[in-house]
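Undergrad: Starting from these lines, generate the structure:
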Amino acid sequence: WTRIYIVALSNAQTQETRLDLEAIKSFLQIFQEVTPLSTGELWALPSMLRLAVLESLAEALAPVTRRTWEFAQHPDVWEGRDGAPAPAPDPNVTVANSILSLRLLATQDWKAFFEATSVLEKILRSDPAGLYAQMDFEARNRYRSIIEELANGSPMDEAGIGRQAIQLAHAAASTGASVREKHVGYYLMAPGRETLEARIHFRPRFSSALVRFIQKHATLVYLGSITGLTFLFTSLIVFYAFQAGASFLQLLTLALLTALPVSSLAIEIINGWVMSSIPPRTLPKLNFQRGVPAEYRSMVVIPALLA
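TA: Take a look at the predicted model:
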């Protein structure tokens, strides 16, 4: 059984499937004092809770529907004080509580719940530049996703990688570096990432390494690919004409006449490949939903012609 399912099952089996999100939040905080949960595990918690509640509901409805349900053998996460399994709950109470719990799960703000229970979120909020906490949810989630990606290629877990990024930011702050280098994002999405990767012994997958090489040498790869495809297509056309018995002058004229349209075709192919293979990189942004603070106010000038 996966760890997050055991967490969900242990909470769903208490109080006859009546979920209490504040109690679950406290349970997660205590649980993660021993072993932190990953970002993916925390995001999977709502689905695992829903699954555990539905299984309890199906078990309670089995006598009513007179259907034989084949259930997987669950681990006994809660046992009596004498070591015996906990007593079976009342089916009627379980059905009522399961319906209420499913409604609660459907209306919960899981974004706020996630950030309140994530160990990684707590670490990143200690950003010495003080900018991380001012970002919107999408930007913060982007930072967490990057750390999740780094953890897949590193022997360190997400919390450890987050602490390393914060330590680098604090080290930059102690040397009087710029605000950009004091921000934790500098070591996740900017040139400081190479320093962080060296610290955590990160080894990217081949596909990721290829994408990063292309992004680092974008102009060379882009123009080189267009030139290579243009040369390939032109060579095929010229070779076909050569096989048909064309003279050298005819071959040279054909190559010059087909170079332009063939290069346009090569550009379309390369542009389509880039758009489908290279993901867009979003810029992190601050949350100005409650207004723009005085230190961030600026003037936007838009040239316009009134006729």
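
Undergrad: show me where pLDDT drops low in the stretch 51-200 of the chain?
TA: Applying pLDDT under 70 to the stretch 51-200 of the chain flags residues 66-89.

Undergrad: Next: the stretch 201-307 of the chain.
TA: Across the stretch 201-307 of the chain (using pLDDT under 70), the flagged ranges come out as 307.

Undergrad: Residues in contact with the strand or helix carrying Leu102: which ones?
TA: The secondary structure element spanning Leu102 is helix 91-107 (assigned by DSSP states H and E). The set of residues external to helix 91-107 that reach it, using CB atoms under 8 Å, 6 or more residues apart in numbering, is 12, 15-19, 21, 46, 49-50, 53-54, 56-57, 59-61, 63-64. Every C-beta, even on glycine, is put in place using the N, C-alpha and C of the backbone.

Undergrad: Output that helix as CSV - backbone C-alpha positions only.
TA: Written as CSV, here are the backbone C-alpha positions of helix 91-107 (Å, rounded to 0.1, in the frame of the first residue of the first chain):
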residue,chain,number,x,y,z
PRO,A,91,-23.6,0.8,8.8
ASN,A,92,-26.4,3.5,9.0
VAL,A,93,-24.1,6.0,10.7
THR,A,94,-21.3,5.1,8.2
VAL,A,95,-23.6,5.8,5.2
ALA,A,96,-24.7,9.2,6.6
ASN,A,97,-21.1,10.2,7.5
SER,A,98,-19.8,9.1,4.1
ILE,A,99,-22.2,11.3,2.2
LEU,A,100,-21.3,14.3,4.4
SER,A,101,-17.6,13.6,4.0
LEU,A,102,-17.9,13.4,0.2
ARG,A,103,-19.6,16.7,0.2
LEU,A,104,-16.9,18.2,2.4
LEU,A,105,-14.2,16.9,0.1
ALA,A,106,-15.9,18.4,-2.9
THR,A,107,-16.1,21.9,-1.4
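
Undergrad: Please compute how far it lies from its chain's middle.
TA: Its chain's average C-alpha position is 31 Å from that of helix 91-107, according to CA atoms, centre = their mean, to the nearest Å.

Undergrad: Now do the buried residues in it.
TA: Of the residues in helix 91-107, those buried by neighbour count under the rule 16 or more other CB atoms under 10 Å are Pro91, Thr94, Val95, Asn97, Ser98, Ser101, Leu102, Leu105.

Undergrad: need the contact list for Met189.
TA: When contacts are counted by CB under 8 Å, 6+ apart, Met189 is found next to Arg142, Tyr143, Ile146, Arg281, Pro284.

Undergrad: sec struct for the first one, please.
TA: The reference is to Arg142. For Arg142, the secondary structure call by DSSP: H, G, I helix; E, B strand; the rest coil comes out as helix.

Undergrad: what's the answer for the last one, then?
TA: Three states are possible here, and by three-state DSSP the one that applies to Pro284 is coil.

Undergrad: Run a quick neighbour tally on it.
TA: Residue neighbour count, defined by other CB atoms under 10 Å, stands at 17 for Pro284.

Undergrad: quick revisit: and which of the buried residues of helix 91-107 is nearest His217?
TA: For His217, the nearest member of these is Leu105. The distance, counting by CB to CB, is 47.5 Å.

Undergrad: hmm, who's touching the host helix or strand of Ala169?
TA: Taking DSSP H and E as the definition, one finds Ala169 inside helix 158-174. Applying CB under 8 Å, 6+ apart, the external contacts of helix 158-174 come out as 36, 38-39, 119-120, 123-124, 126-129, 144, 147-148, 150-151, 154, 156, 181-184, 186-188, 192, 195-196, 199-200.

Undergrad: Buried by neighbour count, from the residues you listed: which ones?
TA: By 16+ other CB under 10 Å, these give 36, 38-39, 119-120, 123-124, 127-129, 144, 147-148, 150-151, 154, 156, 181-184, 186-188, 192, 196, 199-200 as buried.

Undergrad: quick one: the strands in the stretch 201-307 of the chain?
TA: Ranges of strands in the stretch 201-307 of the chain, per DSSP state E, counting those that start in this stretch: none exist.

Undergrad: All set, thanks.
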